[in-house]
Structure formats: C-alpha cells, structure tokens
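Participant: Here is a sequence with its predicted model. Questions after.
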Amino acid sequence: MTTTHLSMSTVTYETAARVVDAGLRIAAAVGVRAVVTVADPAMAMVAFGRADGATPHSVETSRRKAATAASTRKPTSAIAPDLAVALEHGTGGMLTSVKGGVPLVFDDVHIGGVGIAGGRPDQDAEIAIALLEELGANTEVAR
C-alpha cells in the first residue's frame, strides 16, 4: 500500500513565544544582547525576538541557526567541517554550521529548532543549552 501522507509534530506559537522570552532573559543574564528564533521542522519561523541593541546581522544568523537545527534535527555545531561550506552554498545560505542552533525536542518528539545569535558562537551554544534545560526540553540532542 502506498503512503499518501505523513503527519509531523510542530511547535506551537505559545511554546515558541515562551522559548523566545526565556532565551532573551538567559542571554541578558550573561551580558549578551541576543536574537532568538524558533522554527518549525519545515524551517518556517514561528517566533522571533531581538534584544534592544542586538547587532543587525544576528537577526539573520539566528534564523539560519533555527532553520538548520529544525530541519536536520541536529545542533548546528554537529555539521561536519568538511560539509559546512558545501551546506551553506548548496542551500543558498539558508543553513549554517555556526554554533548556537539546537533542535527543540520534548518527550522524544522533535518539534522544531532554536537559534541563538548575538554572542560568540560558543556563548550562543551555551545559552541554547541553558534554555533547553530551563524549559525541560531534551538536551542530549543538542550536544
């Protein structure tokens, strides 16, 4: 029998807004003026927040990190270095290997991705992990 369709779990706006709020707060606590984006598994932006004073380029970086983590189900830091340039060129810059993007998984259900931008890539990744921990999301998929 041929499968005619698939069902996909996706993040709700309510959850995405909560993620953005917590991400901005956690980043501010460590002195980072961050941009936080939440994307669904199809890479569509669900929620977005930008701290006052965040750098303009961090908006796009955050979006790309969220889209990468949402669509690949892996943290952006897991992209193999030898594939990083090809990935970015092959997708017209839609995806990135810059640290700070993590999958959003609750109870073993992948519902999207989060992108944190505004600090150094290592800082962004640390903020993302702290965010998942605070929300009770799966952190193992983010390491």
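Facilitator: Done, it's in. Residues are numbered from 1 along each chain as shown.
Participant: what number of residues lie near residue 139?
Facilitator: Residue 139 is flanked by 16 other residues according to other Cβ atoms under 10 Å. Any C-beta I mention is one placed from the backbone N, CA and C, and that applies to glycine too.
Participant: cool, and residue 88?
Facilitator: So residue 88, with other Cβ under 10 Å, has 18 neighbours.
Participant: For it, which three-state class applies?
Facilitator: Using DSSP: H, G, I helix; E, B strand; the rest coil, the structure places residue 88 in helix.
Participant: ok, it to residue 96 distance?
Facilitator: The spacing between residue 88 and residue 96, counted by Cβ to Cβ, to the nearest Å, is 6 Å.
Participant: Am I right that residue 73 is in contact with residue 101?
Facilitator: No. Using Cβ atoms under 8 Å, residue 73 makes no contact with residue 101, being 11.2 Å away.
Participant: Which one of the two is surrounded by more residues?
Facilitator: Between residue 73 and residue 101, counting by other Cβ under 10 Å, residue 101 is the more crowded of the two (36 against 16).
Participant: Give me the pLDDT for the more buried one.
Facilitator: For residue 101, the pLDDT comes out at 98.
Participant: Report the contact partners of the residue lying closest to it once chain neighbours are set aside.
Facilitator: Ranked by Cβ to Cβ, 6 or more residues apart in numbering and with sequence neighbours excluded, the top spatial neighbour of residue 101 is residue 65, at 3.1 Å. Neighbour list for residue 65: 37, 76, 96, 98, 100, 101, 113, 114, 115, 116, 117, 124 [criterion: Cβ atoms under 8 Å, 6 or more residues apart in numbering].
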